[in-house]
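[1] quick one, what's the 3D model for this:
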Amino acid sequence: MYNEVHAAALECEDHKYTMRISRLAIDKLGIRLYDRVSAVLAELIANSYDADATEVAVELPWGVTLTGNIRAADEPAYRIVVSDNGHGMTAEEINEHYLMVGSDRRVRTGSDLSRERRRPVMGRKGIGKLAAFGICRTIEVISAGSHPGDYTDLGWPVSHLIMDLDEMLTDTERDYYPKPGAMDGTFTARRGTTVILSNFFRKRVNTGTELNRQLASRFGIERADWRVEVRNSNGRESFTLSDLPIDVMEETRIDTARVPVRFGHQYLPVSGWIAYSKQPYRDEAMAGVRIYARGKIVAQTRDFGIPAGFTGEFKLRSYLVGAINVDWLDDDEDLVRSDRQDIIWNSPRGEALANWGQALIKEIGRLGEKSIRRRVWEEFVERSRLHETLEAIAPGDRMFRDSVVEAARILVAHKDRASLDDPAHIQNMLRLALSLGPQRSLLETLKEIAEDGEDPELDVVVALFERARVAEIYSLGQIASERVAVVDRLRALIDDRRSLERPFQELIESAPWLLAPEWTPLGMNESLKRVRASFERWYAQKFGANLVTTAIGSHKREPDFVLLHDSGELWIVEIKRMDYHLTDEEYNRAVNYLYELDRFLEENPRIGAQFPRRRLTFIVDHIDRLGPASLSSLMSDRRVDRRTWRELLDSTLRAHRDFLERVYAMRDNGEDEQSDGGIRAG
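    This next block holds a predicted model:
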């Protein structure tokens, strides 16, 4: 026994550096927690901050994949280099602190402040140093320092060690001994630490703009003695780390320092701000409220866990932004998760913060509603060319124009900014306003006449109805011309026997009235997009398979089916190409989609209440390959039907024949009246 202990002691003496850590911890704490380049850089920068650095230089290639790409034989391998002018470390300190993984830094050093500048340190758990193993196999550390007494006539002593992930993982029991590097034991005139990463896994480095946003979102530090510069090693570009630029509605901004968190009989301080953004941010670095503790991000939330189903929910999660500092999350009671990606919300203080945040965002929602409505209205007016259209239709009729504008305001009032990205949706609202505006004005005027108690003159009433009819002619004329174009497109696809499924799918989805002529162009709105997305996510979670329910925008793969809706009905449309023979497998799969849609809506009753009816339609020319069971199901299930392409075209033409004839007749009459009375019907 003595010989074994003596041999182990001698072995330790032969190695200058020693790391004591379970290999399993390396895998769990390094590789698994930090798999993005920006997250690794944030950990290395945070270490420099805790080491009292005032200048940090980061150099890496932008917009590349760190390995796996073909490069010239004489071109050097990629490296990531992070250098600082902090106090550095001696070999003894590297062994006692840097290579001591998993020990609480604040307990070990007896202070939660940095050594010289007395900064509240970010590090605590002692695992951030392993972060780089999430993207590479080799970490090289060169450090010179550390206390004034360590300085010699030759300069600061240099400690240089190289850690290799593959060597670490070869033995799970024994201590790991990093190799000394070429500079180890030398001296230098400057203090500081340089970390060099190499031998990468296949990881993508974002562009400079994206990298800037990602790094800026991870820090909430405002100090004059702190500067981080990030340079592109493949070019001359660089940026200096600064606050994340977010364009907010200033009238909605709340200074959180004035609203502390109530916790029992005490109030806990929070600094920073929360507001509504001018436009919804889809960039994950900018969306939602970022929560910092000691200057480093610990969580990001879009809603503080507020229950779903409240008025304005979609706008809240789209527009809410902010940055708050909550240092007591990382105080005596550690409420930060090990990966520093979230906090422990189910703790007493975590629940207090959640309740505080929910109350605050409801107030911001009230402040932001008017601002959002105003901005959405202004953008609608600009994109729809509302005033130009009204001037063209009725240049001398202010009452008509005002009534249409008022109707448009009502239609746009509850829309979000994202809904205006669809030009067709904007035109639909414009057409509806043109139809509804005069009717509303007409009713209000008749009501005023009735309340006057006097018999109105006949020409006044006639003028009111003529004004309404002008708008109706304009609106129906636009709809009719679009429907004629769609019918012609359908006819051309059917006549071309080579037409595939995709053009049919896109046509049916963009013009659902082909299936049901009573549907209006407004049958395709924003709520359907959210239902589609929710159903696809639910299906993926239940069955582990991706589902595509739209032909528009899904260019990477064919949709499984097209999902439409109107007036409380969700409609699965299974579309096959011309002369296709439907099989039992395809029939059963589509019917199962219908049943799973029922199940999804039952599990989500708030969504299900909006769509109490569901149905399935096959558009396919031949069903002769279906077995008896499938044929029986098709004939007996009232929610399932089938049409051929010729039947669809014929029913569409019959349904619209009278409609089109009347529209053309009204439009002709409108043009005659324009020439006689000076009114432009358009």
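
[2] now do the end-to-end distance for stretch 413-422.
    Terminal residues of stretch 413-422 lie 17 Å apart, using CA to CA, to the nearest Å.

[3] oh sorry, the question was meant for stretch 130-137
    11 Å.

[4] wait, a helix at residue 82?
    No: under DSSP: H, G, I helix; E, B strand; the rest coil, residue 82 falls outside any helix and is assigned strand.

[5] OK, contacts around it?
    For residue 82, the contact set (CB atoms under 8 Å, 6 or more residues apart in numbering) comprises 41, 44, 45, 48, 56, 57, 58, 59, 194, 195. All C-beta atoms are positioned from the backbone trio N, CA, C, and that covers glycine.

[6] how many neighbours does the fourth one have?
    Each residue near residue 48 was counted by other CB atoms under 10 Å, and the total is 24.

[7] can you pull the phi and psi angles for residue 94?
    Note on residue 94: backbone dihedrals following degrees, to the nearest 10 are phi -60, psi -40.

[8] could you measure from it over to residue 602?
    Residue 94 sits 60 Å away from residue 602, going by CB to CB, to the nearest Å.

[9] do the same with residue 367
    Per CB to CB, residue 367 is found 37 Å from residue 602.

[10] more neighbours, the two?
    Set side by side, residue 367 and residue 602 show more neighbours around residue 367, with 16 against 10, by other CB under 10 Å.

[11] any idea which helix or strand carries the more buried one?
    For residue 367, the host element (DSSP states H and E) is helix 348-384.

[12] helices of the stretch 551-682 of the chain, start to end?
    Along the stretch 551-682 of the chain, counting by DSSP state H, counting those that start in this stretch, helices occupy 584-603, 605-608, 628-636, 645-677.

[13] which one of those helices has the poorest average confidence?
    Averaged per stretch, pLDDT over the helices of the stretch 551-682 of the chain is lowest on helix 645-677, reaching a mean of 61.

[14] that older thread, from the contacts of residue 82, keep the buried residues only.
    41, 44, 45, 48, 56, 57, 58, 59, 194, 195 (16 or more other CB atoms under 10 Å).

[15] in a markdown table: these, plus distance to residue 255.
    Shown next, in a markdown table, are the buried ones among the contacts of residue 82 (distance: CB to CB, whole Å):
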| residue | distance to residue 255 |
| --- | --- |
| 41 | 31 |
| 44 | 33 |
| 45 | 28 |
| 48 | 30 |
| 56 | 30 |
| 57 | 34 |
| 58 | 32 |
| 59 | 38 |
| 194 | 40 |
| 195 | 38 |
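
[16] pull the number of nearby residues for residue 298.
    Neighbour count of residue 298, defined by other CB under 10 Å: 21.

[17] please name the residues that touch the residue nearest to it when sequence neighbours are not counted.
    Computed as CB to CB, 6 or more residues apart in numbering, the closest residue to residue 298 that is not its neighbour in sequence is residue 336, at 4.7 Å. Contact analysis of residue 336 by CB under 8 Å, 6+ apart lists 124, 293, 298, 329, 330, 343, 344.

[18] among these, which has the minimum pLDDT value?
    residue 124 (61).

[19] hang on, the earlier thing: could you dump the contacts of residue 336 into JSON lines and include distance to residue 571?
    Listed next are the contacts of residue 336 as JSON lines, based on distance: CB to CB, whole Å:
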{"residue": "124", "distance to residue 571": "55"}
{"residue": "293", "distance to residue 571": "50"}
{"residue": "298", "distance to residue 571": "46"}
{"residue": "329", "distance to residue 571": "48"}
{"residue": "330", "distance to residue 571": "52"}
{"residue": "343", "distance to residue 571": "44"}
{"residue": "344", "distance to residue 571": "45"}
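
[20] list only buried entries from the residues you listed.
    So, by 16+ other CB under 10 Å, the buried ones in the contacts of residue 336 are 124, 293, 298, 329, 330, 343, 344.

[21] excluding chain neighbours, what is closest to the second one?
    Pointing back at residue 293 there. Nearest residue to residue 293, sequence neighbours excluded (CB to CB, 6+ apart): residue 330, at 3.8 Å.

[22] residue ranges for the strands of the stretch 301-450 of the chain, please.
    Along the stretch 301-450 of the chain, the segments classed as strands by DSSP state E, counting those that start in this stretch run 320-325.

[23] shaky segments in it?
    308-314, 332, 337-341, 416-418, 437-450 (pLDDT under 70).

[24] gap between the spatially most central residue of the chain and residue 206?
    Centroid-nearest residue in the chain, with CA atoms, centre = their mean: residue 282, separated by 3.9 Å. Distance of residue 282 to residue 206, given as CB to CB: 15 Å.

[25] picking that back up, okay if I get the contacts of residue 82 as JSON lines plus distance to residue 498, pLDDT and secondary structure?
    As requested, these are arranged in JSON lines below (distance: CB to CB, whole Å; pLDDT from 0 to 100; DSSP: H, G, I helix; E, B strand; the rest coil):
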{"residue": "41", "distance to residue 498": "53", "pLDDT": "93", "secondary structure": "helix"}
{"residue": "44", "distance to residue 498": "59", "pLDDT": "93", "secondary structure": "helix"}
{"residue": "45", "distance to residue 498": "59", "pLDDT": "93", "secondary structure": "helix"}
{"residue": "48", "distance to residue 498": "64", "pLDDT": "93", "secondary structure": "helix"}
{"residue": "56", "distance to residue 498": "62", "pLDDT": "96", "secondary structure": "strand"}
{"residue": "57", "distance to residue 498": "61", "pLDDT": "96", "secondary structure": "strand"}
{"residue": "58", "distance to residue 498": "56", "pLDDT": "97", "secondary structure": "strand"}
{"residue": "59", "distance to residue 498": "56", "pLDDT": "97", "secondary structure": "strand"}
{"residue": "194", "distance to residue 498": "64", "pLDDT": "97", "secondary structure": "strand"}
{"residue": "195", "distance to residue 498": "61", "pLDDT": "97", "secondary structure": "strand"}
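
[26] closest to residue 547 among the residues you listed?
    Nearest to residue 547 out of the contacts of residue 82 is residue 41 (CB to CB; 36.4 Å).

[27] out of the buried ones among the contacts of residue 82, who's nearest residue 275?
    Set against residue 275, the nearest of the buried ones among the contacts of residue 82 by CB to CB is residue 45 (26.8 Å).

[28] residues touching the closest one, list them.
    Contacts here follow CB under 8 Å, 6+ apart; on that basis residue 45 touches 56, 58, 82, 215, 219, 228, 241.

[29] so what's residue 146 up against?
    Counting by CB under 8 Å, 6+ apart, residue 146 touches 87, 88, 89, 90, 93, 191.

[30] ok, and the most crowded of the residues you listed?
    Neighbour max across the contacts of residue 146 (other CB under 10 Å) = residue 88, 28 neighbours.

[31] could you check how far the residue nearest to that residue when sequence neighbours are not counted is from residue 54?
    Counting by CB to CB, 6+ apart, residue 145 is the residue found nearest to residue 88 once chain neighbours are left out, at 2.3 Å. Using CB to CB, we find residue 145 at a distance of 14 Å from residue 54.

[32] between those two, which has more neighbouring residues?
    Neighbour totals were compared for residue 145 and residue 54, and residue 145 leads with 23 against 15 (other CB under 10 Å).

[33] pretty sure that one is touching residue 192, no?
    Yes: with contact defined as CB atoms under 8 Å, residue 145 counts as touching residue 192 (7.3 Å).

[34] can you pull out the helices in the stretch 201-350 of the chain?
    Under DSSP H, counting those that start in this stretch, the stretch 201-350 of the chain gives helices at 208-218, 313-319, 348-384.

[35] between the ones you listed, which one is nearest to residue 275?
    Short answer: helix 348-384, nearest of those by CB to CB, at 6.7 Å.

[36] of all the residues in the closest one, which ones are buried?
    Buried residues in helix 348-384 (16+ other CB under 10 Å): 349-350, 353-357, 360-361, 364-365, 367-369, 371-373, 375-377, 379-381, 384.

[37] and that helix, how far out from the chain's middle?
    17 Å (CA atoms, centre = their mean, to the nearest Å).

[38] got the phi and psi for the residue nearest to residue 88?
    According to degrees, to the nearest 10, residue 145 has phi 160, psi -160.

[39] quick one on the thing from earlier: spit out the residues that contact residue 145 and residue 192 alike.
    Contacts common to residue 145 and residue 192, judged by CB under 8 Å, 6+ apart, are 86, 88.
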